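# Any chance you could fold what I've pasted below:
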Amino acid sequence: MRFFLLLCALTGLAGAAPPPGVPGRPAPELMEALKHFRTDAPHGWSFTQTTAAEGKSTVERCDAAKPEFDRWSLLRKDGHAPTAEETKDYAEARSRRSRGGTAPKLIEQLNLATLEVVSETAERTTYRCGLKPGDSGDTVAGFLRATIVLHKPTRCIESLELGSTGGFSPTFGVKIAEMNTVMTYHLPAGDRPSLPQKVSTRVRGRAFLFKSLDADMAVTFSDYAWAGRK
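Down below sits the predicted model:
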């Protein structure tokens, strides 16, 4: 289930696709978008991150002007100002997270050999492709498809959706009926580059028939400010 954990951590993905009728040859504008695509905010940008899941919520602030180890702070938890204990627990959890391993890059999991154009207008092209396993233990990627919306005037990824193609069983005793993650991005405007806007994840399934795996999570990014620090 490492791929599912990666989806839930997220913060994005992008894909490449061929022009109609030319399988396996990504369009130049999409390749350019992929080259500059980031799943997180670009370096130097501060922002507020609001996470809501299972009736709980957290509001965090990332201050890019501060040293990397001290950039994140907890603003609110479950609708109230955090207590001293909650602030301490948050700092410890953030510290552990920063020492964790590096997850596979979603963009590198795109199976470019399966790229296809789904639809196209003057401003946008929608692509779809399969995914490759992120590592030897990834039993989920093969059941998902990526749908990518490219904004052609800016050559930026506007949204990316990872969705299951049907029910599947990634491991013994686990049945997933639905798995879907949608990531959206602000388009560039003036001096501001493309920035993450929202990540929504929905899972429906059961483990060993009796344990529900149903989960919904939304992560929203707001209040961007250039900190002038790389």
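
# Next, count neighbours for residue 78.
12 (other CB atoms under 10 Å). For the C-beta atoms, the positions are set from N, CA and C on the backbone; glycine is no exception.

# what's it in contact with, if anything?
Contact analysis of residue 78 by CB atoms under 8 Å, 6 or more residues apart in numbering lists 56-58.

# closest to residue 87 among the residues you listed?
residue 58 (11.5 Å; CB to CB).

# Show residues contacting the helix or strand encompassing that closest one.
Assigned by DSSP states H and E, residue 58 belongs to strand 56-62. By CB under 8 Å, 6+ apart, the surrounding residues in contact with strand 56-62 are 41, 46-51, 71-79, 90.

# what about it, distance to the chain center?
Per CA atoms, centre = their mean, to the nearest Å, the displacement of strand 56-62 from the mean C-alpha position of its chain is 17 Å.

# Buried ones in the helix or strand just after it, by neighbour count?
Proceeding N to C from strand 56-62, the next assigned helix or strand is strand 72-77, under DSSP H and E. Neighbour-count burial for strand 72-77 flags 72-74, 77 (criterion: 16 or more other CB atoms under 10 Å).

# Check stretch 47-64 too.
So for stretch 47-64, counting by 16+ other CB under 10 Å, buried means 47, 49-50, 52, 58-60, 62, 64.

# For residue 17, give me the pLDDT.
If you check residue 17, the pLDDT there is 37.

# meant to ask about residue 101
If you check residue 101, the pLDDT there is 51.

# Kindly report the same for residue 107.
The model reports residue 107 with a pLDDT of 84.

# now swap in residue 104 and tell me
Note for residue 104: predicted pLDDT of 60.

# Tell me where the model's unsure across the chain.
Counting by pLDDT under 70, the chain contains low-confidence ranges at 1-25, 99-104, 229-230.

# in its sheet, what does whichever strand or helix holds residue 148 sit against?
For residue 148, the host element (DSSP H and E) is strand 144-151. Sheet pairing here is set by DSSP bridges, and for strand 144-151 it gives strand 124-131 (antiparallel), strand 156-164 (antiparallel).

# buried residues in that strand?
144, 146-151.

# that older thread, going by distance to residue 161, which of the buried residues of strand 72-77 wins?
Using CB to CB, the buried residues of strand 72-77 come closest to residue 161 at residue 72, 27.5 Å.

# ok, that closest one - contacts?
60-63, 94.

# Run the chain-centre distance for the lengthiest helix in the chain.
Longest helix of the chain, by residue count under DSSP state H: helix 84-98. Relative to the centre of its chain, helix 84-98 is centred 22 Å away, using CA atoms, centre = their mean.

# Could you name the helices and strands sitting against that helix?
strand 72-77 (3 or more CB pairs under 8 Å, 6 or more residues apart in numbering; DSSP states H and E).

# Report the backbone C-alpha coordinates of the strand it packs on in CSV.
This file holds the C-alpha atoms of strand 72-77, laid out as CSV (Å, rounded to 0.1, in the frame of the first residue of the first chain):
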residue,chain,number,x,y,z
TRP,A,72,6.6,24.7,9.4
SER,A,73,4.4,25.9,12.2
LEU,A,74,0.9,24.8,13.5
LEU,A,75,-1.7,27.6,13.4
ARG,A,76,-4.9,25.7,14.2
LYS,A,77,-5.9,22.2,15.1
